[in-house]
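A.B. asks: The following comprises the amino acid sequence and a computationally predicted model.
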Amino acid sequence: MLAATIFSIPPAKIYLRMMKIERLFLYKVYRHSKKIFFIFLFFTVATIFCNLAGFEMTPFYVWGMYSAKEKAVAEYTVYKITGDGNIIDYSSGYFPANRFFLTSPLDYYADVSGIGSDPLQNFLRQKLKNNYFIIAPFEDRILNCANNIDEFPKWYKVYLQKTTGKKINNIKVDVLNVHYTNNNSIVVDSTYNLINEE
Amino acid sequence: MKNNASEDIFDQREIDFLCRIVFSFILIDLIFAAFSNTLIHQLQVPVLKYPYVDPTYLLMHILKIPQAVSSNLLVAWFWDVSLFLTCIGVILFPAKKWLIVFFIFFYFVYYIIFNSYGTHHTHSLVAFLITPFVFLFSKKSFSFAWQGLRYFLLFAYSAAFLWKFFRFSWLHVHQGILILKRNLTAYLFYNPGTFLSKIYWWVLDHPLLIEVIFFGGFVMEGLFLIGFFTRKCDKVLFVLSLLLPVGFWFLSDAVFYEMLVLSLTLLPSETIKKFSGHRPNTSLYASWN
């Protein structure tokens, strides 16, 4: 059905249709209301501009959807989250949004805890270059300070208690570096402790 | 951006019907959020933020709005309750535009908080942020807004196709397998023996199949470009828009079910009229043409 529909619209016909301005959606909007036309036009132009620049500015989204080339890596990271000695499997049994909040901030903490400062600062400096002075006075509002980073394990413990619905006295998060074997299994190569919160 | 099908003219009853469908979808998602412990008051005063380089996020954080709402339990509760009440209010009274305005305001802040403190700017909630805007348009302009939303959906998937095309990731060897491994290693590590894991292990043994799934998804995204020229394929695109989130879930454990609300724009207006319990208003069609 799809093939039949596609081939029923030869390229020349599509081109001819393109030439008919009165069939353009934006033209119809223009005829209906100039105010709405300019709203739509602004949204369209801003979205196309942001996509061409590869720069997202809500609500002008860049829809990459796994378009970046994936790098082949030797090892993958898995967290071993332990609450009072019991392993918490964060990969299943929770709603997707819950899993997102159990792992994504942890990934960011793993990145920032090693360096003790927010890597976003350097990234913003690179992106904004000479314009960085515009946001420099607001660094404390947009960047994570050392105090935020130090408080994370405590927050994670509280959020984990909320998620599991159980009182947890001690949490431990270990980072496991793993690799796939040829016989359908995953083997741990190395491990290090990320969080140990009493 | 053309359209050769007859234009959709919706009457107030049909607009209300669509509004109720959309906000019911959003309400279900908010209930999921409550079970997911991701409502603002459930985030337990998060500490790590990530505005990234998005000026909208930066401005919101400079104004200290996400901090102010999420760091005070009372305000956070107020925000969550307001989200639910305005959403339910719109379902009950879809014609009350001020309720929709309030909902958008509360949801926008929730959206910024969710992505900032989730430390990743996910696009899954975008559909719920954008769609309510079309119900703010007048009855006469609604059809244009609804079509505009259709183009928004077409653009999202078409752009995903074009990004993959011009980045050559569609030619990248093992792209599908690498996406799968990056996102599902933890699941396979902790649950190696489940039915789903067995499927994953099986497809990992047949890597070509994963690449076919990835490439199939890439082609499906590309087909959305057709929608810019004709509405004849909308039924096919509607089915594809249902299949793509399933593919994203399987391959990358990314749940994009929120995008399904935009799929409604691909349904023929006759279907919407039929389900809203209304027969096509021929006089309106006549006046339109």
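C.D. replies: Looks like it came in fine.
A.B. asks: contacts, neighbours, all on C-alpha from now
C.D. replies: Fine.
A.B. asks: near chain B at all, the strand ranked longest in chain A?
C.D. replies: The strand that spans the most residues within chain A, counting by DSSP state E, is strand A:186-197. Yes - interface with chain B: strand A:186-197 contributes residue A:186 (Cα under 8 Å from any Cα of the partner chain).
A.B. asks: cool, and stretch A:69-83?
C.D. replies: Yes - with Cα under 8 Å from any Cα as the criterion, chain B is reached by stretch A:69-83 at A:69-72, A:76-79.
A.B. asks: Can you select the buried ones from those in PyMOL?
C.D. replies: Of these, the buried ones go into a single PyMOL selection, burial set by 16 or more other Cα atoms under 10 Å in any protein chain shown:
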select buried, chain A and resi 69+70+76+77+78+79
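A.B. asks: out of the residues of stretch A:69-83 next to chain B, which are inside strands?
C.D. replies: Those of those lying in strands (DSSP E): A:76-79.
A.B. asks: between those, which is closest to chain B?
C.D. replies: Using Cα to the nearest Cα, residue A:78 is the member of these that lies nearest chain B, at 5.4 Å.
A.B. asks: which SS class is the closest residue to chain A within the stretch 101-250 of chain B?
C.D. replies: Nearest residue of the stretch 101-250 of chain B to chain A, counting by Cα to the nearest Cα: residue B:164, 4.4 Å away. Using DSSP: H, G, I helix; E, B strand; the rest coil, the structure places residue B:164 in helix.
A.B. asks: Also residue B:232?
C.D. replies: Residue B:232 ends up coil, using three-state DSSP.
A.B. asks: Show the backbone phi and psi for it.
C.D. replies: phi -60, psi -30 (degrees, to the nearest 10).
A.B. asks: give me the number of residues near it?
C.D. replies: Residue B:232: 18 surrounding residues under other Cα atoms under 10 Å in any protein chain shown.
A.B. asks: Tell me, what's the model's pLDDT at residue B:6?
C.D. replies: Per-residue pLDDT puts residue B:6 at 41.
A.B. asks: whoops, I mixed them up, residue A:127
C.D. replies: 82.
A.B. asks: Check which helix or strand it maps to.
C.D. replies: Using DSSP states H and E, residue A:127 sits in helix A:120-128.
A.B. asks: Keeping just the C-alphas, turn that helix into CSV.
C.D. replies: Taking C-alpha atoms only, helix A:120-128 is exported to CSV below (Å, rounded to 0.1, in the frame of the first residue of the first chain):
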residue,chain,number,x,y,z
LEU,A,120,29.8,22.4,32.6
GLN,A,121,31.8,25.5,33.4
ASN,A,122,34.6,24.6,31.0
PHE,A,123,32.0,23.5,28.4
LEU,A,124,30.2,26.8,28.7
ARG,A,125,33.5,28.7,28.4
GLN,A,126,34.3,26.8,25.2
LYS,A,127,30.9,27.3,23.7
LEU,A,128,30.4,31.0,24.6
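A.B. asks: so does that helix get close to chain B?
C.D. replies: Yes - contact of helix A:120-128 with chain B (Cα under 8 Å from any Cα) involves A:120, A:124.
A.B. asks: which helices and strands does that helix pack with?
C.D. replies: Helices and strands in packing contact with helix A:120-128 are not found; criterion 3 or more Cα pairs under 8 Å, 6 or more residues apart in numbering or on different chains; DSSP states H and E.
A.B. asks: What are the buried residues along it?
C.D. replies: For helix A:120-128, a neighbour-count test (16+ other Cα under 10 Å) marks A:120-121, A:124 as buried.
A.B. asks: mind checking how far it is from the chain centre?
C.D. replies: In terms of Cα atoms, centre = their mean, to the nearest Å, the centre of helix A:120-128 is set 18 Å apart from its chain centre.
A.B. asks: Please work out which residues outside that helix touch it.
C.D. replies: A:132, A:143, B:52-53 (Cα atoms under 8 Å, 6 or more residues apart in numbering or on different chains).
A.B. asks: Heading C-terminal from it, find the next helix or strand.
C.D. replies: Downstream of helix A:120-128, the first helix or strand assigned by DSSP H and E is helix A:139-142.
A.B. asks: got the angle between the helix or strand immediately after that next one in the chain and strand A:186-197?
C.D. replies: Counting by DSSP H and E, the next helix or strand C-terminal to helix A:139-142 is helix A:146-164. Interaxial angle of helix A:146-164 relative to strand A:186-197 (axes from the mean of the first three to the mean of the last three Cα atoms, to 10 degrees): 110 degrees.
A.B. asks: Buried residues in helix A:146-164, which are they?
C.D. replies: A:148-149, A:152-163.
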